[in-house]
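Output the structure for:
(one chain, ligands or ions: 1)
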Amino acid sequence: MTNFTGVRLRRLRESAPLRRMVQETRLSVSDFVYPMFVTHGRNVRNEIEPMPGIYQLSLDNLMAEVGEVSELGIPAVLLFGIPAKKDARGTEAYEARGIVQEAIRVIKQTVPELMVITDVCLCDYTDHGHCGVIADEKVDNDATLELLAKTAVGHAEAGADMVAPSAMMDGQVAAIRDALDSGGFEQTPIMAYSAKYASAFYGPFRVAAQSAPQFGDRKGYQMDPGSIKQAMREIAQDIDQGADLVMVKPALAFLDVLSAARDAFGHPLAAYNVSGEYAMVKAAAGNEWIDGRRVTTEILTSIKRAGADIIISYHAKEIAGWLASER
Ligand code: PBG
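Numbers count the residues shown, from 1 in each chain. As a prediction, the model looks like this:
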């Protein structure tokens with residue numbers, strides 16, 4: 001018993017009410033954004049195999065689903081589209097009758113108070129599956145900017161409340177900001193996927209969105225997982241170009257990046273708890289190898305503790321339900 005000062009940190013852990021009072025990081029339903037996949041057709045509700053509980057929804061089914069999301073108190077959804085057909089230039093991404101544009105209108109008619117954020121990228125819409133147009137087997141950065149800007153303006157025209165460029169093209173935030181401003185959408189905020197890594201954790205998403213690259217990979221534009229200083233440069237650059245919110249993606253294997261971004265920047269910071277992170281939890285919980293609810297809560301808490309203000313997560317609906325049941 002030498003060297004023991006009598007400080008007893010366990011006192012703060014003795015009872016549940018006291019643990020609750022001194023808890024430093026607490027999840028709230030207001031932290032969450034729920035990603036959704038919209039598709040053409042009627043009465044479509046395809047469960048995505050590696051993402052149990054997540055569906056490709058046609059517009060008729062989308063209405064009921066967004067009603068539920070809003071009832072749960074989740075402030076926003078993030079939309080991804082599965083087009084009727086894909087082509088080299090990702091045409092449906094920026095067509096007025098594109099699936100995302102239609103979905104925005106449906107949501108704004110059904111639950112106008114629900115915030116609609118749209119993913120702005122071409123990979124869901126191109127037949128080659130890359131995030132931009134191809135020239136000489138490479139993604140042509142500057143030719144892609146114009147199409148991304150057109151997509152973002154189209155989303156805003158359809159009623160989107162915020163656009164989220166995810167293509168990792170240099171200059172995409174500036175190009176979109178310019179185009180929104182000239183189109184009369186100077187009040188539409190941009191949430192930039194700033195530090196987006198070339199990650200194997202996107203695997204299940206590519207099943208959901210049918211967006212796997214048909215040749216090569218995304219390492220020529222998405223970031224290398226070994227680097228963090230470049231992530232800080234990406235974020236700083238997006239802020240300079242006018243990003244209102246910035247993002248780190250994926251979340252769990254990049255909590256250090258999130259934490260460094262929190263320390264370095266005052267901007268609202270989002271983290272994307274991506275498809276592979278969700279799939280791993282669901283697979284293990286489905287086998288009863290882990291307690292799904294507790295593991296999910298712990299992961300989401302770690303993301304917030306690391307510095308995220310906003311958490312984009314496929315778990316949003318379940319966590320909202322759990323938080324409500326704890327009251
Ligand atoms: C589009 C995009 C992707 C994700 C979000 N936006 C896929 C990718 O870059 O391959 C991944 C989201 C997830 O895995 O949940 N570029």
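
I figured Glu318 hits Val295, correct?
No - between Glu318 and Val295 there is no contact under C-beta atoms under 8 Å: 11.8 Å. For glycine as for every other residue, the C-beta is placed from the backbone atoms N, C-alpha and C.

Which neighbouring elements make contact with the lengthiest helix in the chain?
Among all segments of the chain classified by DSSP state H, the helix with the greatest residue count is helix 141-158. Helix 141-158 makes packing contacts with helix 99-110, strand 115-120, strand 162-165, helix 172-182 when contacts are defined by 3 or more C-beta pairs under 8 Å, 6 or more residues apart in numbering; DSSP states H and E.

what about the ones you listed, which gets the closest to the ligand?
Nearest to the ligand, of all the helices and strands packed on helix 141-158, is strand 115-120, at 5.0 Å by C-beta to the nearest ligand atom.

do the closest one and the ligand meet at all?
Yes - shown here: strand 115-120 in contact with the ligand (C-beta under 6 Å from any ligand atom) through Asp119.

And stretch 295-309, by the same measure?
No - judged by C-beta under 6 Å from any ligand atom, stretch 295-309 and the ligand are separated, with a smallest distance of 13.7 Å.

Give me the residues contacting that stretch.
Applying C-beta atoms under 8 Å, 6 or more residues apart in numbering, the set of residues contacting stretch 295-309 from outside is 24-25, 27, 31, 248, 251-252, 255-256, 258-259, 261-263, 268-271, 273, 277, 281, 284-285, 311, 313, 315, 318-319, 322.

Enumerate the positions of that stretch that are buried.
Using 16 or more other C-beta atoms under 10 Å as the burial criterion, the residues of stretch 295-309 that qualify are 296-297, 299-304, 306-308.

interface residues of the stretch 1-150 of the chain facing the ligand?
119, 121, 123, 131.

pretty sure the first one is touching Ser166, no?
So the one you mean is Asp119. Yes - in this structure Asp119 lies within contact range of Ser166 using C-beta under 8 Å: 5.4 Å.

rewinding a little: kindly write the ChimeraX command that selects the buried subset of the contacts of stretch 295-309.
Applying 16+ other C-beta under 10 Å to the contacts of stretch 295-309 leaves a buried subset, and the ChimeraX line that selects it is:
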select :27,31,248,251,252,255,258,259,261,262,269,270,271,273,277,281,285,311,313,315,318,319
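
What about the contacts of stretch 295-309, which are in helices?
255-256, 258-259, 261-263, 277, 281, 284-285, 318-319, 322.

Name the surrounding residues that touch stretch 77-90.
Residues from elsewhere that reach stretch 77-90, judged by C-beta under 8 Å, 6+ apart: 33-40, 56, 66, 69, 92-93, 98-100, 103-104, 107, 114-119, 122-128, 133-134, 147, 164, 208-210, 312.

No further questions, thank you.
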